[in-house]
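Undergrad: Need the 3D shape of this:
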Amino acid sequence: MNSFYNKIFLFVAILSLAACQKNKQSTTAPIATIKNEIEYSSNLSIYKYDGYSIVKVLNPWPDANKDFTYILKEKNATVPDSLQKYTQLSVPLKSIVVTSTTNIPFLEMLQVEKSLVGFPHTNYVSSAKTRKLIDSGIVKNVGQNERLNMEKLIDLAPEAIVTFGVDNNNPMIANLEKSGLNVIIQADWMEQSPLGKAEWIKLYAALFGKEKEGKILFDNIVKNYNQALQLVANQKAEATVLYGSMYQNQWFVAKGNSWVAQFMKDAKSNYLWADIEGSGSLGLSFEKILDKAKTAKVWIATGSFKNSKELGDSNPHYNQFDAFAVKNVYTFESKLGTTGGTIYYELAPSRPDLVLKDYIKIFHPELLANYNFTFATKLN
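TA: So this is what the prediction gives:
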């Protein structure tokens, strides 16, 4: 009889142990059905779990042979063993180094710019708020992107360094990691969707424990962008558009799937190179440009020209374009910060709603009669 009860007891004990093990696993292992917090970006994913988040950065540079995964761990959280191989960061961060001016607006929008302790080539920063931090010595100059000052970074000991790579050979990134610094590779510059690029604010929101604020900010940008789209919903794409300018011996036009081309499409214009597949730019000869765009109604010039005389002086052949002759030339790059940084390069990726409005004002001025350009300037 005792033997019978011993067997029953042993059987129940085994079942209880199995149940405990199962419960233990279920509280620590990632749940596959967790929703990705990212909607528009093609290069960023964020999965929020109880006490930690999994961040995945995809396609970090052209022809990348690997992706990156980061674990953002909250205080006293338990991270599953299966995730221990990935870089872990304790959040919310208290200090950070970023290496692109496009990150500065995200920090300011989330009101965490005072956590920035270093930036490479600080003269590129245009924002008055962050310039004040630089001028007061709170934000240190940490060299240049390709040659970051390792000693200064080690001395600053930021909790994270957000940087980027251009190809599969990144010795600087490897050196940072060897020095014990936490490195996050970002790929916002690879995004071609205007809203996808802006959605990278959610990465910084996750890093600083401001997910709710980040969502509200981004949702408002989406709302504004969609409202701008509605303005031109019934408009025809009639304005023929020339884009770019000569650089050395070539004229670089934006390809049809590029970030710039998407704005011109959304603003209902007839961009003359919209049919070229791919992102990025394509270099063409001046003759090919003139043959196709001599009669273009609008010219969106690249370069920080202040007026049409400056543009004309840079190349005497520009006067062959009709848009130049009637002074219907615009640039998004003429507005500079106090130390020479281009405001458009810094702010535009995080505020595509404002960029789109500028383009609509150019192509359909009657729809935004009382709107003042944020970035664009007409070269009179």
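Undergrad: and the spatially closest residue to Glu146 that is not a sequence neighbour, what does it touch?
TA: Distances taken as C-beta to C-beta, 6 or more residues apart in numbering place Met172 nearest to Glu146, at 6.6 Å, with adjacent residues excluded. C-beta coordinates here come from the backbone N, C-alpha and C atoms, glycine included. Taking C-beta atoms under 8 Å, 6 or more residues apart in numbering, we find Met172 in contact with 145-148, 163.
Undergrad: Can you tell me the element Met172 falls in?
TA: helix 171-178 (DSSP states H and E).
Undergrad: Report the separation between the nearest residue to Asn59 once chain neighbours are set aside and Lys132.
TA: Using C-beta to C-beta, 6+ apart and skipping residues adjacent in sequence, the residue nearest Asn59 is Asn43, 5.1 Å away. For Asn43, the distance to Lys132 equals 32 Å [C-beta to C-beta, to the nearest Å].
Undergrad: ok, how many other residues are close to the spatially closest residue to Asn123 that is not a sequence neighbour?
TA: In space, and not counting its chain neighbours, Asn123 is closest to Thr339: 4.3 Å by C-beta to C-beta, 6+ apart. Number of residues near Thr339 (other C-beta atoms under 10 Å) recorded here: 14.
Undergrad: ok so, going back, residues contacting the residue nearest to Asn59?
TA: 57-60, 187-188, 190-191, 196.
Undergrad: still on that earlier bit, buried stuff in the helix holding Met172?
TA: By 16 or more other C-beta atoms under 10 Å, the buried positions in helix 171-178 come out as 172-173, 176.
Undergrad: what does stretch 37-48 give?
TA: 37-38, 41, 43-47.
Undergrad: swap in stretch 144-153?
TA: For stretch 144-153, by 16+ other C-beta under 10 Å, it's 148-150, 153.
Undergrad: Stretch 76-84 now?
TA: 79, 83.
Undergrad: mind checking the end-to-end distance for it?
TA: 15 Å (C-alpha to C-alpha, to the nearest Å).
Undergrad: Equivalent analysis for stretch 369-379, please.
TA: This stretch, stretch 369-379, spans 18 Å end to end (C-alpha to C-alpha).
Undergrad: now swap in stretch 338-353 and tell me
TA: 25 Å.
Undergrad: and if you look at stretch 175-184?
TA: End-to-end distance for stretch 175-184, by C-alpha to C-alpha: 13 Å.
Undergrad: pLDDT of that stretch, averaged?
TA: The pLDDT scores in stretch 175-184 average 93.
Undergrad: mind checking how far Lys94 is from Pro158?
TA: 9 Å.
Undergrad: next SSE after the helix or strand Phe218 falls within?
TA: Secondary-structure assignment from DSSP H and E places Phe218 in helix 211-231. With elements assigned by DSSP H and E, the helix or strand that comes after helix 211-231 is strand 240-243.
Undergrad: Make sure Glu277 is actually in contact with Lys255.
TA: Yes - with contacts counted by C-beta atoms under 8 Å, Glu277 reaches Lys255, the gap being 6.9 Å.
Undergrad: ok, which stretches of the stretch 251-380 of the chain are strands?
TA: Remark: strands assigned in the stretch 251-380 of the chain by DSSP state E, counting those that start in this stretch are 270-271, 281-284, 298-301, 329-331, 377-378.
Undergrad: by contact count, what packs against the last one?
TA: Translated: strand 377-378. strand 329-331 (3 or more C-beta pairs under 8 Å, 6 or more residues apart in numbering; DSSP states H and E).
Undergrad: How far off centre is the strand it packs on?
TA: 24 Å (C-alpha atoms, centre = their mean, to the nearest Å).
Undergrad: Can you list the neighbours in contact with that strand?
TA: 298-305, 308, 311, 323, 362, 376-379.
Undergrad: mind running it again at 7 Å?
TA: The contact list for strand 329-331, computed with C-beta atoms under 7 Å, 6 or more residues apart in numbering, reads 299-301, 303, 305, 308, 311, 323, 362, 376-379.
Undergrad: how about Ser334, what does it touch?
TA: Ser334 touches 304-306, 377, counting by C-beta under 7 Å, 6+ apart.
Undergrad: Quick check: of those, which lies closest to Asn141?
TA: Of all these, Ser304 has the smallest distance to Asn141: 22.7 Å, by C-beta to C-beta.
Undergrad: quick one, what contacts the closest one?
TA: Ser304 makes contact with 333-334, 336, 342 under the criterion C-beta under 7 Å, 6+ apart.
Undergrad: Is there a quick ChimeraX command that grabs whichever of those residues are buried?
TA: In ChimeraX syntax, the buried subset of the contacts of Ser304 is picked out as below (16+ other C-beta under 10 Å):
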select :333,334,342
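Undergrad: pLDDT, secondary structure and distance to Phe286 added to the buried residues of stretch 144-153, as JSON lines?
TA: JSON lines is the format used below for the buried residues of stretch 144-153 (pLDDT from 0 to 100; DSSP: H, G, I helix; E, B strand; the rest coil; distance: C-beta to C-beta, whole Å):
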{"residue": "Leu148", "pLDDT": "92", "secondary structure": "strand", "distance to Phe286": "38"}
{"residue": "Asn149", "pLDDT": "94", "secondary structure": "coil", "distance to Phe286": "41"}
{"residue": "Met150", "pLDDT": "93", "secondary structure": "helix", "distance to Phe286": "44"}
{"residue": "Leu153", "pLDDT": "96", "secondary structure": "helix", "distance to Phe286": "44"}
